[in-house]
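Chemist: Give me the fold of what follows.
(2 chains)
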Number of protein chains: 2
Amino acid sequence: MMLEETIKTIQRLNPEYRALARAKLDRLTKPIGSLGRLEELATHYAAISGEICPTLPKTMVFTLAADHGIAADGVSAYPSSVTAQMVHNFLSGGAAINVLARQVGSEVRIVDIGVASDFDHSPDLLMRKVGWGTKNFVNGPAMSRDEALQSVETGIELVHDAYGEGVRMVATGEMGIGNTTSSAAITAVMTRQPVSQVTGKGTGIDDAALARKVSLIERALHLNEPLPHDSLDVLAKVGGFEIGGLVGVILGGAACHMPVVLDGFISGAAALLAVGMVPACREYLIASHASGEPGHRVALDELGLHPLLDLELRLGEGTGACLAIGLIQSSLRLLTEMATFDEAGVDDAGHSQQEDA
Amino acid sequence: MMLEETIKTIQRLNPEYRALARAKLDRLTKPIGSLGRLEELATHYAAISGEICPTLPKTMVFTLAADHGIAADGVSAYPSSVTAQMVHNFLSGGAAINVLARQVGSEVRIVDIGVASDFDHSPDLLMRKVGWGTKNFVNGPAMSRDEALQSVETGIELVHDAYGEGVRMVATGEMGIGNTTSSAAITAVMTRQPVSQVTGKGTGIDDAALARKVSLIERALHLNEPLPHDSLDVLAKVGGFEIGGLVGVILGGAACHMPVVLDGFISGAAALLAVGMVPACREYLIASHASGEPGHRVALDELGLHPLLDLELRLGEGTGACLAIGLIQSSLRLLTEMATFDEAGVDDAGHSQQEDA
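Modeler: All right, here's what the predicted structure looks like:
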């Protein structure tokens, strides 16, 4: 089975590459460690990829779209129909993710993994529908266990195809009206935190709608009883097709030794599920930013990830990930393009930490 | 006199442009405000430039180099000779600032405003020497008041020249062994904070050297008695030529209605002096990042600026500013390239903040 094989393939990082990259950074014309988290990024990238002098990796953002039954209960400022409308917007290049991906030279792969309506054929849209939106999880499971598995394996396959096209870094993105509700439910289950602590205003609902959102999630968890130690069970009961797809993207990325750049809250929920399946995949994750959604911090803390950016973004699509891709590119350029002390003829007093010269 | 004229030219921002940009952002295909601080950046840029649909501005990083007499007292992990060596490194394109400026398409202007040695002619090095390094300010003023004025006016002139070349956004950068000591002294004076609270390890000195650095600064402030209400006096007594130059870059940028992207601690000290001369120039400043130097936070708090990035950088040169330039470019691309709800045919429920559809 593809999921099981993928899980077996995922290895811990090799610390040797991190040390080699560290040694290289320490010869560059700058005080030791003075590039801070950019240096961590460069050594992390080396450890993941096994490359000390990497070229900028071909990068792909997976923007997976799906609908959610729960959206019928008024948990979003927008109707479900906006999911499909935004897919059209992605295809014509007018959405935020298109703009930011263009800036960093990243490709965006738009995937219908579960939108509630059908699309005409488009060369830029991958049709991988697992279903026409999930069921409303206040009445029972969002999807079957088979559908949950299928959504994860769809994500794995997407990454394998991309790897075959030369992609060496992936990023997670999504579109799905209602998916902060699903993500809050997943985060509450996987981190054992109260629903009220991990639920936010998503696209911009008011306080009354937020209170209803919290109580709907509490009801859904009470009814469905998702099992925290069984990520597929959680995904099936309160997840979404795009969230399952992102779990697959994360696992597939780790299996292919690629950095996986996480976007915001929904990606964080997917990461909780992926790490629940195979803890080692955590080492391949780069948290791009801290979202405005309160549950995102909780998820990142649980994952032990420290976000690169804190710009109060709460858009999704993969937008925060694209900004972080720019920083990762910076770190790799510094690692590979800077002169060493020897090359530049600069006195290197920094290594000895001596106080004067 | 050029400084006085420049000060008179600097105006408060026109809030009308901010509101127009805000209105445009709210028509784009995203929930209201969901791009967080990128939206603030876009409206801030519009207010500074008076443009609602800006093209990406031609950008210049001013990396001003100068030496400091105080460096003879063991306040840095590197000897003064490294300042000149690093200028050569800038000229051959091997320093971090070269790498990061290339990434965002920004030009770097390397200026010898006070290095203690002389350079052969190079087409890429501007010779604007105010002196051959400052005097050691533990024994008296670092420079004369005339030299302080000359360094500021040099910075103003640099910006005017750049403006003439089509530059529409400037960033501050510097190189000068010993300049975190000078910046800590300036920050202590301008923010009225104890020297120990604003002094850090710079390029990487040990605890004993840090203690000596603090006590040297305390001694210098006691001896020189710089006057906080007189920025030129502070600059002359405990400043540096490159810091004076950056004061000029900031004032000149504000006078030309350009955003001024501040790098780290040294730029923050220069900003304190500039704002001391003309408070309105604060509105033209964008704080790129929070440096690892403790005094930088103190300076930014005093300036009322909230940094975009917190990546534990402590290199200077303009490196943090370059990373922020990438984010500013993101914000302008989003403002100008995204589709509106109308253009994309997406239902816009967000404006009414309604809870369901």
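Chemist: Might you report the residue contacts of A:Lys201?
Modeler: The neighbourhood of A:Lys201, defined by Cβ atoms under 8 Å, 6 or more residues apart in numbering or on different chains, consists of A:209-210, A:293. Placement of C-beta: from N, CA and C, glycine included.
Chemist: So which of the residues you listed belong to helices?
Modeler: Secondary structure from DSSP state H places A:209-210 of those in helices.
Chemist: Looking at the contacts of A:Lys201, spot the one nearest chain B.
Modeler: Closest approach between the contacts of A:Lys201 and chain B, by Cβ to the nearest Cβ: A:Ala209, at 3.7 Å.
Chemist: From B:Val214, how far off is that closest one?
Modeler: Taking Cβ to Cβ, to the nearest Å as the measure, A:Ala209 falls 54 Å from B:Val214.
Chemist: now A:Gly318
Modeler: If you go by Cβ to Cβ, the gap between A:Gly318 and B:Val214 works out to 47 Å.
Chemist: Same check on A:Glu51?
Modeler: To B:Val214, A:Glu51 is 43 Å away according to Cβ to Cβ.
Chemist: now swap in A:Met258 and tell me
Modeler: Remark: distance between A:Met258 and B:Val214 (Cβ to Cβ) = 47 Å.
Chemist: okay, A:Ala269: pLDDT?
Modeler: Looking at A:Ala269, its pLDDT stands at 98.
Chemist: Go ahead and confirm it touches A:Thr191.
Modeler: No: applying Cβ atoms under 8 Å, one finds A:Ala269 not in contact with A:Thr191, separated by 9.8 Å.
Chemist: Touching both of these two, which residues are there?
Modeler: By Cβ under 8 Å, 6+ apart, A:Ala269 and A:Thr191 have these common neighbours: A:Ala299.
Chemist: So those two - more neighbours on which side?
Modeler: Counting neighbours by other Cβ atoms under 10 Å in any protein chain shown for A:Ala269 and for A:Thr191 shows that A:Ala269 has the greater number, 34 against 19.
Chemist: Sticking with that one, tell me its helix or strand.
Modeler: Secondary structure assigned from DSSP states H and E places A:Ala269 in helix A:265-277.
Chemist: Which strands or helices does that helix pack on?
Modeler: strand A:169-175, helix A:179-191, helix A:231-238, helix A:241-255, helix A:294-303 (3 or more Cβ pairs under 8 Å, 6 or more residues apart in numbering or on different chains; DSSP states H and E).
Chemist: which is the next helix or strand following it?
Modeler: Past helix A:265-277, heading to the C-terminal end, the next element that is a helix or strand (DSSP H and E) is strand A:285-287.
Chemist: circling back: name the residue in A:Gly318 and B:Val214 with the higher neighbour count.
Modeler: The residue with the greater number of neighbours, taking A:Gly318 and B:Val214 and applying other Cβ under 10 Å, is A:Gly318; the counts read 34 against 21.
Chemist: Name all residues that make contact with that one.
Modeler: If you count contacts by Cβ under 8 Å, 6+ apart, A:Gly318 has them with A:61-63, A:97, A:100-101, A:108, A:171-174, A:263.
Chemist: quick one: which of these is nearest B:His222?
Modeler: Ranked by distance to B:His222 (Cβ to Cβ), the contacts of A:Gly318 are led by A:Leu100 at 51.8 Å.
Chemist: Do I have it right that A:Leu3 meets A:Thr154?
Modeler: No: here A:Leu3 lies out of contact with A:Thr154, judged by Cβ under 8 Å, at a distance of 10.8 Å.
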